[in-house]
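Student: sharing a sequence plus its predicted fold:
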Amino acid sequence: MKTLASLFKKNIREYGMLIALVMIMVFFQWKTGGILMKPINITNLVLQNSYIIIMALGMLIVIVAGWIDLSVGSVAAVIGAVAAVLMVRLDVNWVVTFMISLLAGALIGAFQGYWIAYAKIPAFIVTLAGMLVFRGLTLVILNGEAVGPFPVGFQKLSSGFIPDFFNYDGLHLTTIVIGGLLSIILIFMDIKNRKNQQKYGFDVTPFYFFIIKNIVITGAIMGLCFLMASYKGLPNVLVILVILIAFYGFITSKTTLGRRIYAMGGNEKAARLSGVNSPRLLFYTFVNMGVLSALAGMIVAARLNVATPKAGDGFELDVIAACYIGGASASGGIGKIIGAVVGAFLIGVMNNGMSILGIGIDWQQAIKGLVLLLAVYFDVYNKNKSI
């Protein structure tokens with residue numbers, strides 16, 4: 001049976017960042033006079049950071065594999081430009097445009113993945129070149145102009161909300177029901193996982209901690225759903241996020257593919273000797289990153305209702321920072337999906353809170369840079385301490 005101290009020590013990055021997120025939210029809730037946790041601001045917080053979280057899911061896998069991708073912001077921009085031209089100038093149906101754009105993202109990822117995995121050019125160089133190439137192509141495709149507006153169906157990808165099937169006045173009951181169902185599913189999965197650990201003789205968390213953890217998680221989910229239900233309900237993009245987080249969480253923690261990615265990042269030579277096809281796995285890692293960047297680019301365009309040459313500028317910094325702040329190791333092999341999500345929300349809350357307080361973008365960038373530096377130092381310090 002694990003003690004609470006040993007549990008925290010083993011998961012210090014994950015729990016530490018979660019505690020930091022809560023503390024930062026409490027701080028900004030106090031400093032903004034309660035504005036941070038208002039339903040409309042919570043909804044805006046989700047909408048503003050959805051594309052960062054989406055790209056962070058792919059970036060985490062790239063970082064765990066031992067590499068980096070500097071081109072994600074430019075890829076998001078060029079895909080947004082492609083989607084805009086298809087819908088506005090060529091009058092292509094938005095659903096067809098959506099599928100073409102995802103395919104284009106996959107091809108971009110494959111292009112970069114080939115040079116990294118098979119031509120053995122460092123990912124830093126390839127994706128740095130990609131950042132420049134795709135930013136230039138964005139300007140070419142848009143001809144230096146903003147292109148929009150988009151069809152309503154495409155706009156709802158980012159700005160739409162799920163319908164309320166109960167039509168209850170003043171409260172979006174469908175959101176409350178979804179929150180309750182999600183809480184039940186998570187509790188059931190946690191109970192099942194605990195029983196499996198006990199069955200095979202693994203250490204489990206103390207029962208009181210197990211109960212407290214599920215109460216806190218359920219309370220957080222239901223609290224968030226109640227706040228959103230008192231506004232317009234769950235945004236469509238949040239539903240997309242939950243599905244993606246669940247999917248990538250399953251892939252990285254429950255499948256052979258996930259274990260191979262971690263093995264490759266931890267020791268690529270040993271993984272290859274164990275039968276892992278490292279080049280192919282690395283190639284598909286960047287294809288996946290391209291698809292998620294494309295999805296993020298369309299969500300950005302849908303939210304703004306226009307594609308601009310400057311879209312996605314600096315996104316790569318927030319995405320990479322989210323992964324490192326959330327517990328990913330700079331040397332590869334370590335990191336969790338939920339950590340990347342926590343890291344992305346931490347950056348989002350900081351951005352949102354500082355903007356409400358009127359702190360300039362210059363100081364915002366400086367503060368985020370210091371947070372990133374401290375997060376990586378924390379990783380290096382703990383790694384050296386364990387040696």
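Tutor: In hand now; what should we look at? Residues are numbered from 1 along each chain as shown.

Student: residue contacts, Leu292?
Tutor: 54-55, 57-58, 105, 244 (C-beta atoms under 8 Å, 6 or more residues apart in numbering). Placement of C-beta: from N, CA and C, glycine included.

Student: of these - the most surrounded one?
Tutor: Using other C-beta atoms under 10 Å as the neighbour definition, the contacts of Leu292 reach their maximum at Met55, which records 31 neighbours.

Student: how about residues contacting the helix or strand where Leu132 lies?
Tutor: In the assignment (DSSP states H and E), Leu132 maps to helix 123-142. Contacts to helix 123-142, defined as C-beta under 8 Å, 6+ apart, come from residues 62, 67-71, 73-75, 77-78, 80-82, 84-85, 108, 111-112, 115-116, 286, 307-309, 311, 316.

Student: let's see it at 7 Å
Tutor: 67-71, 74-75, 77-78, 81-82, 85, 112, 115-116, 307, 309 (C-beta atoms under 7 Å, 6 or more residues apart in numbering).

Student: identify each buried residue in the helix or strand harbouring Leu102, please.
Tutor: For Leu102, the element it lies in under DSSP H and E is helix 94-117. In terms of neighbour count (16 or more other C-beta atoms under 10 Å), helix 94-117 has its buried residues at 94, 97-98, 100-102, 104-106, 108-109, 112-117.

Student: again with stretch 321-335
Tutor: Neighbour-count burial for stretch 321-335 flags 321-329, 332-335 (criterion: 16+ other C-beta under 10 Å).

Student: let me have the residues you listed in CSV, extended by distance to Val300 and secondary structure.
Tutor: Formatted as CSV, those follow (distance: C-beta to C-beta, whole Å; DSSP: H, G, I helix; E, B strand; the rest coil):
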residue, distance to Val300, secondary structure
Ala321, 18, helix
Ala322, 16, helix
Cys323, 19, helix
Tyr324, 22, helix
Ile325, 21, helix
Gly326, 21, coil
Gly327, 26, coil
Ala328, 23, coil
Ser329, 29, coil
Gly332, 28, coil
Gly333, 31, coil
Ile334, 29, coil
Gly335, 24, coil
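
Student: out of those residues, the closest to Asn49 would be?
Tutor: Ala322 (9.0 Å; C-beta to C-beta).

Student: hmm, that closest one is touching Ile52, no?
Tutor: Yes. Using C-beta atoms under 7 Å, Ala322 makes contact with Ile52 at a distance of 6.2 Å.
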